[in-house]
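1. return a 3D structure for these sequence lines:
(2 chains)
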There are 2 protein chains.
Amino acid sequence: MARYSPSVQNLISKLGSLPGIGGKSAQRLAFHILSMSDEEVKDLANSITEAHRLTVRCSSCQNFTDSDPCPICSDPKRDRSVVCVVETPRDVATFERMREYNGLYHVLHGVYSPVSGKSMNDITLSELIARLQKDQEIKEVIVATNQTAEGQATALYISRLLGPSGIKVTRLASGLPMGSDIEYIDDLTLANALKGRTEI
Amino acid sequence: MARYSPSVQNLISKLGSLPGIGGKSAQRLAFHILSMSDEEVKDLANSITEAHRLTVRCSSCQNFTDSDPCPICSDPKRDRSVVCVVETPRDVATFERMREYNGLYHVLHGVYSPVSGKSMNDITLSELIARLQKDQEIKEVIVATNQTAEGQATALYISRLLGPSGIKVTRLASGLPMGSDIEYIDDLTLANALKGRTEI
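-> Numbers count the residues shown, from 1 in each chain, chains lettered A, B, ... in the order given. I've put the predicted structure just below:
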């Protein structure tokens, strides 16, 4: 490889270890950073350390927040009888953007995934159980993990775990996405859409 | 949009202003950074500031380096009679990886691009001229700017500028990439390949 200086090589490898950033992008970003002004570089580095320093996990929903409990958990206008369980804080953002859901959340920070070495202890499952035991207001848990093998396994595990509690456990509907063309839909999605068909 | 805390919002916008990082990627990176350990975050922020602090432009070839002149310019084994003019430091890395070129470089840090507001003064053209006037050893300038409208315009400008100097100005060949299929090649590339045909 080319003769980059050690500090540049280090920057490239640090950037390349971030998710979704490959070798080429890391090089591109690194050289962009080198061509930035002193002020801009300071701002970028500070934004990283400051966001990390100021952010904690909400003790109730486990979402990232700068105030505990987070704005959603402490909002008196939210429906406290329903908790939507999601994999990541980004999923909370997606639900909020939709403006159709007014309940609370629980962020797992991952899914049960033996392949990538994530066990049930690596996600915030015990925090969810403790929360449900403490908070008798919660009547329904919507498991909104992804429609992947890991997401499905986690959803199934949660529903079994909560079975004896009497709390209603639901799962997001699986079916045809809006605007989709049946000709191009995969078999599994079509089968799920057929199985979950509703009367019109 | 979702209720991110100000520090997280700031991090997302800073990351999103980097080249090739869109809104979704910026969110993903930001939340990855939030889930990193204190140590990892410090390392990342430090690698950014340190690389920027230690890196200067080589006073000869204008490439980024931590020692001036850079390792290539100060290497006695390089052919000092030929200078390859490239747009970015990444292009130098690409040439070096190939191991077929043993001359020197000159990094323009951009191209003449009126559309994106880059004038001839924003690239290191005057440094190239000054270098050629000072260093009588240089006999050939290979203009290796990209095969884009801006790259071509810059190459043409450089060749006109150096015309009276007696220095040979060459351009990389344009033609069919190796492994390419003529059926799928664009017309301009095919026309250039035809124009530049060589005897076998």
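2. only C-alpha atoms for contact and neighbour calcs from this point on.
-> Noted.
3. where's the spatially most central residue of chain A relative to B:Ser35, distance?
-> The centroid of chain A falls nearest to A:Thr88 when counting by Cα atoms, centre = their mean (1.1 Å). Computed as Cα to Cα, to the nearest Å, the A:Thr88 to B:Ser35 distance reads 11 Å.
4. so how far is stretch A:21-29 from its chain's centroid?
-> Distance of stretch A:21-29 from the chain centroid (Cα atoms, centre = their mean, to the nearest Å) equals 24 Å.
5. hang on, the earlier thing: from A:Thr189, how far out is the residue nearest to the centre of chain A?
-> Applying Cα to Cα to A:Thr88 and A:Thr189 gives a distance of 23 Å.
6. repeat for A:His52
-> From A:His52 over to A:Thr189 (counting by Cα to Cα), the distance is 39 Å.
7. quick one: contacts for A:Tyr157?
-> For A:Tyr157, the contact set (Cα atoms under 8 Å, 6 or more residues apart in numbering or on different chains) is empty.
8. please say which of A:His52 and A:Thr189 ends up with more neighbours.
-> Counting neighbours by other Cα atoms under 10 Å in any protein chain shown for A:His52 and for A:Thr189 shows that A:His52 has the greater number, 25 against 16.
9. quick one: contacts for A:Gly22?
-> Taking Cα under 8 Å, 6+ apart as the test, what A:Gly22 contacts is A:Gly16.
10. also A:Ala45?
-> Contacts for A:Ala45 (Cα under 8 Å, 6+ apart) come out as B:Ala45, B:Asn46, B:Ile48, B:Thr49.
11. what residues of the helix or strand bottoming out on mean pLDDT in chain A count as buried?
-> Ranking every helix and strand in chain A by mean pLDDT, DSSP states H and E puts helix A:187-195 at the bottom, with a mean of 85. By 16 or more other Cα atoms under 10 Å in any protein chain shown, the buried positions in helix A:187-195 come out as A:Thr189, A:Leu190, A:Ala193.
12. just those residues now: which is nearest chain B?
-> A:Thr189 (25.0 Å; Cα to the nearest Cα).
13. what's the spacing between that closest one and A:Gln152?
-> Using Cα to Cα, one gets 14 Å for the distance from A:Thr189 to A:Gln152.
14. and if you look at A:Pro76?
-> If you measure A:Pro76 against A:Gln152 using Cα to Cα, the figure is 32 Å.
15. in terms of neighbours, single out the busier of the two.
-> For A:Pro76 versus A:Gln152, neighbours defined as other Cα under 10 Å are more numerous around A:Gln152 (18 against 9).
16. secondary structure element for the more buried one?
-> A:Gln152 belongs to helix A:149-162 when assigned by DSSP states H and E.
17. how far does that helix sit from its chain's centre?
-> In terms of Cα atoms, centre = their mean, the centre of helix A:149-162 is found 16 Å from the chain centre.
18. direction included, what does the next helix or strand after that helix pair against?
-> Where DSSP H and E defines the elements, the next helix or strand beyond helix A:149-162 is strand A:168-171. When pairing is defined by DSSP bridges, strand A:168-171 lines up against strand A:140-143 (parallel).
19. ok, residues contacting the partner strand?
-> A:81-86, A:155, A:158, A:167-172.
20. what's the longest helix in chain A?
-> helix A:38-54 (DSSP state H).
21. which strands border the next helix or strand after that one, and is each parallel or antiparallel?
-> Per DSSP H and E, the first helix or strand lying C-terminal to helix A:38-54 is strand A:56-57. Using DSSP bridges, the strands paired with strand A:56-57 in its sheet are strand A:64-65 (antiparallel).
22. centre of the chain to the partner strand, how far?
-> Mean-position distance between strand A:64-65 and its chain equals 12 Å (Cα atoms, centre = their mean).
23. what is the mean pLDDT for that strand?
-> For strand A:64-65, mean pLDDT rounds to 94.
24. what number of residues lie near A:Gln9?
-> Around A:Gln9 there are 17 residues (other Cα under 10 Å).
25. for chain B, see how far away it is.
-> A:Gln9 sits 9 Å away from chain B, going by Cα to the nearest Cα, to the nearest Å.
26. in which helix or strand would I find that residue?
-> Using DSSP H and E, A:Gln9 sits within helix A:6-16.
27. after that helix, which helix or strand is next?
-> Scanning forward in sequence from helix A:6-16 by DSSP H and E, the next helix or strand is helix A:23-34.
28. do that next one and chain B meet?
-> Yes. Helix A:23-34 reaches chain B (Cα under 8 Å from any Cα of the partner chain) through A:Ser25, A:Gln27, A:Arg28, A:Leu29, A:Phe31, A:His32, A:Ile33, A:Leu34.
29. how is chain A carved up into domains?
-> A:6-54, A:77-199 (automatic domain parsing).
30. let's have those in a markdown table, adding distance to B:Ala93.
-> A markdown table is the format used below for these (distance: least, Cα to Cα, whole Å):
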| stretch | distance to B:Ala93 |
| --- | --- |
| domain A:6-54 | 10 |
| domain A:77-199 | 34 |
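31. now rank the contacts of A:Ala45 by neighbours and give me the top one.
-> Neighbour tally across those (other Cα under 10 Å): the maximum, 24 neighbours, falls on B:Ile48.
32. that one and chain A, how far apart?
-> According to Cα to the nearest Cα, B:Ile48 and chain A sit 6 Å apart.
33. wait, what's in contact with the residue nearest to that residue when sequence neighbours are not counted?
-> Nearest residue to B:Ile48, sequence neighbours excluded (Cα to Cα, 6 or more residues apart in numbering or on different chains): A:Leu11, at 6.1 Å. By Cα under 8 Å, 6+ apart, the residues touching A:Leu11 are A:Ala30, B:Leu44, B:Ser47, B:Ile48, B:Ala51.
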